[in-house]
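Enquirer: Build me a model from this:
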Amino acid sequence: MAIIQAVFGEQGQSLEAMMLEIGRRARAAADKLAFADPTTKTRALHAAADALDSRRDDILSANALDMRAAEGKGISKAFLERLQLNDKRIDGIIEGLRTIADLPDPVGRVLADWTRPNGLNIRRVATPLGVIGVIFESRPNVTADAGALTLKAGNAVILRGGSDSVNSTRAIHACLVEGLRAAGLPADAIQIVPTTDRAAVGEMLRGLGGSIDVIVPRGGKTLVARVQEEARVPVFAHLEGICHTYIDSSATLDMAVSVTVNAKMRRTGICGATETLLVHKDVVATHLKPVIDALIARGCEIRGDETVMAMVPAARPATEEDWRTEYEDAILSVKVVADVGEAIAHIGKYSSHHTEAIISEDPASVARFFNEIDSAILLHNASTQFADGGEFGFGGEIGIATGKFHARGPVGVEQLCSFKYLVEGNGQTRP
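Expert: The predicted structure follows:
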């Protein structure tokens, strides 16, 4: 990081020129990575994991600087929770790097293979996307996740973290570069933008002169909305995580309590946290209060409709805005619905198409829920907090995509590949 800043400072480059140079270097690195031996990429990631382990004290010290600065600004508890690192979270980052390292190499996979009547053999083969631009805010672990996933898929990445996590990001990035060098791969394969100037984001959204192939934003609604509005390159993104859990009439009480509490309260600041609970009217008398009581006992504020208000004295009235809100905090909106159809209709109106869950023992209700809801991830009898690339077996994720083109849901190594067609003939000509 210091080397990059020194080079640009000596050259006296403008921000635009600096960003174009970063893009040029990333493109050159991507051209080499596209043909990198799988074992070399694996070795680089294990070496990076070793560096993270040996430098954890430096990383925690850097994170402490970020935490103190953020606390001094009066930043929200949810933001601080995402920003904070500790030994357990560093262990998780290291484990993620090693898991990604040991995944099957996605490049060169034969996705389809068929032969035409004229004898032409056609194969669709996975190829790297090229250069990925990742713009993120407070989660320093994104540095490692994005760096590892893009490298494994044969891509270069340009990381632009938020100013609040700048010290943590630099400390983690140094470990990734150490891994690249240990394996003989270009250090420019994983770069971080050496400035917190927001104008750098605009340069990335313009594509850096054609160097960036895809942008991935990781952050709040304001950031993602800006990226989707201004980007001149394709975007993998979700705008919000307004996730729902629906307790059906056939749901068992114990499961309804445990899954709902986990879906809301395990980590309230992540995009897979449930923000609205829907409860079938037939189980209001048996299920509603035990579920709400368990949530309140964990410190959750309840905002409910009239039925909820009548049964839960501590509840506040839910407004129209509550159904549209991603709280990222210990707050939950709760509504009683007539049946699975009304639950589906509510989700269709208010969901951000991220993740929804149904708790039910009725196969017909589950089938209807799965068939009629158009969200990236749907779960049956499981917490919405499983909306995560690591939990899907991807080793990690670069983000959750809620669009419908190319990548949807957790974006892992396979989703960071494109493809090309390889056609073999023996002299065929087209009549």
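Enquirer: now the residue nearest to Gly202 when sequence neighbours are not counted: how far from Gly207?
Expert: Nearest residue to Gly202, sequence neighbours excluded (Cβ to Cβ, 6 or more residues apart in numbering): Glu230, at 7.0 Å. In this view, the C-beta of every residue, glycine as well, is placed from N, C-alpha and C. Look at Glu230 and Gly207: by Cβ to Cβ, to the nearest Å, they are 11 Å apart.
Enquirer: Neighbour count for those two, which is higher?
Expert: Gly207 (17 against 14; other Cβ atoms under 10 Å).
Enquirer: which ones are touching the more buried one?
Expert: 23, 232-233 (Cβ atoms under 8 Å, 6 or more residues apart in numbering).
Enquirer: In TSV, list the residues you listed along with neighbour count and pLDDT.
Expert: Compiled in TSV, those are given as follows (neighbours: other Cβ atoms under 10 Å; pLDDT from 0 to 100):
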residue	neighbour count	pLDDT
Gly23	23	97
Arg232	11	93
Val233	17	92
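Enquirer: so the residue nearest to Gly202 makes contact with Leu205?
Expert: Yes: using Cβ atoms under 8 Å, Glu230 is in contact with Leu205, at 4.7 Å.
Enquirer: buried set for stretch 235-254?
Expert: With burial defined by 16 or more other Cβ atoms under 10 Å, the residues of stretch 235-254 counted as buried are 235-251.
Enquirer: Which of these fall in strands?
Expert: Among the buried residues of stretch 235-254, the residues falling in strands (DSSP state E) are 243-247.
Enquirer: can you map out the strands along the stretch 201-350 of the chain?
Expert: Listed in chain order, the strands of the stretch 201-350 of the chain (DSSP state E, counting those that start in this stretch) span 214-218, 243-247, 274-280, 301-304, 316-317, 331-337.
Enquirer: What separation is there between Val284 and Val340?
Expert: 15 Å.
Enquirer: now swap in Met19 and tell me
Expert: 50 Å.
Enquirer: one step back: quick check: of the ones in strands among the buried residues of stretch 235-254, which lies closest to Gly409?
Expert: Ranked by distance to Gly409 (Cβ to Cβ), those are led by Cys243 at 12.9 Å.
Enquirer: higher neighbour count, Val284 and Val340?
Expert: Val340 (24 against 17).
Enquirer: model confidence over stretch 407-414, on average?
Expert: The average pLDDT within stretch 407-414 is 86.
Enquirer: Redo the ones in strands among the buried residues of stretch 235-254 as CSV? Include pLDDT and distance to Met309.
Expert: As requested, these are exported to CSV (pLDDT from 0 to 100; distance: Cβ to Cβ, whole Å):
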residue, pLDDT, distance to Met309
Cys243, 96, 23
His244, 97, 20
Thr245, 98, 20
Tyr246, 98, 20
Ile247, 98, 18
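Enquirer: Export the residues you listed to CSV and append columns for distance to Gly184.
Expert: Listed next are these as CSV, based on distance: Cβ to Cβ, whole Å:
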residue, distance to Gly184
Cys243, 43
His244, 48
Thr245, 48
Tyr246, 52
Ile247, 54
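Enquirer: dump the residue contacts of Val227.
Expert: By Cβ under 8 Å, 6+ apart, the neighbours of Val227 are 135, 205, 215, 217, 235, 237.
Enquirer: ok, now with 6 Å
Expert: Val227 is in contact with 217, 235, counting by Cβ atoms under 6 Å, 6 or more residues apart in numbering.
Enquirer: And for Tyr246?
Expert: Taking Cβ under 6 Å, 6+ apart, we find Tyr246 in contact with 278, 343, 358.
Enquirer: and what of Ala69?
Expert: Contacts of Ala69 (Cβ under 6 Å, 6+ apart): none.
Enquirer: Now name the helix or strand holding it.
Expert: Ala69 belongs to helix 56-72 when elements are defined using DSSP states H and E.
Enquirer: what pLDDT, on average, does that helix get?
Expert: 95.
Enquirer: cool, and stretch 424-431?
Expert: Stretch 424-431 comes out at a mean pLDDT of 92.
Enquirer: Return the set of buried residues in that stretch.
Expert: Here stretch 424-431 shows no buried residue, counting by 16+ other Cβ under 10 Å.
Enquirer: Check stretch 99-112 too.
Expert: Buried-residue list, stretch 99-112, by 16+ other Cβ under 10 Å: 99-101, 103, 105-107.
Enquirer: In PDB, list the C-alpha atoms belonging to that stretch.
Expert: Only the C-alpha atoms of stretch 99-112 are listed here, as PDB (Å, rounded to 0.1, in the frame of the first residue of the first chain):
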ATOM      1  CA  THR A  99     -11.500 -23.300   2.100                       C
ATOM      2  CA  ILE A 100     -11.500 -21.300  -1.100                       C
ATOM      3  CA  ALA A 101      -7.900 -22.400  -1.800                       C
ATOM      4  CA  ASP A 102      -8.900 -26.000  -1.700                       C
ATOM      5  CA  LEU A 103     -12.000 -25.700  -3.900                       C
ATOM      6  CA  PRO A 104     -11.900 -27.300  -7.400                       C
ATOM      7  CA  ASP A 105     -10.500 -24.800  -9.800                       C
ATOM      8  CA  PRO A 106     -13.500 -23.200 -11.700                       C
ATOM      9  CA  VAL A 107     -11.500 -22.200 -14.800                       C
ATOM     10  CA  GLY A 108     -11.700 -24.500 -17.700                       C
ATOM     11  CA  ARG A 109     -14.800 -26.400 -16.400                       C
ATOM     12  CA  VAL A 110     -16.800 -27.900 -19.200                       C
ATOM     13  CA  LEU A 111     -20.300 -26.600 -18.600                       C
ATOM     14  CA  ALA A 112     -21.900 -28.300 -21.500                       C
END
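Enquirer: Centre of the chain to that stretch, how far?
Expert: Distance of stretch 99-112 from its chain centroid, counting by Cα atoms, centre = their mean, to the nearest Å, is 20 Å.
Enquirer: try stretch 87-105
Expert: 15 Å.
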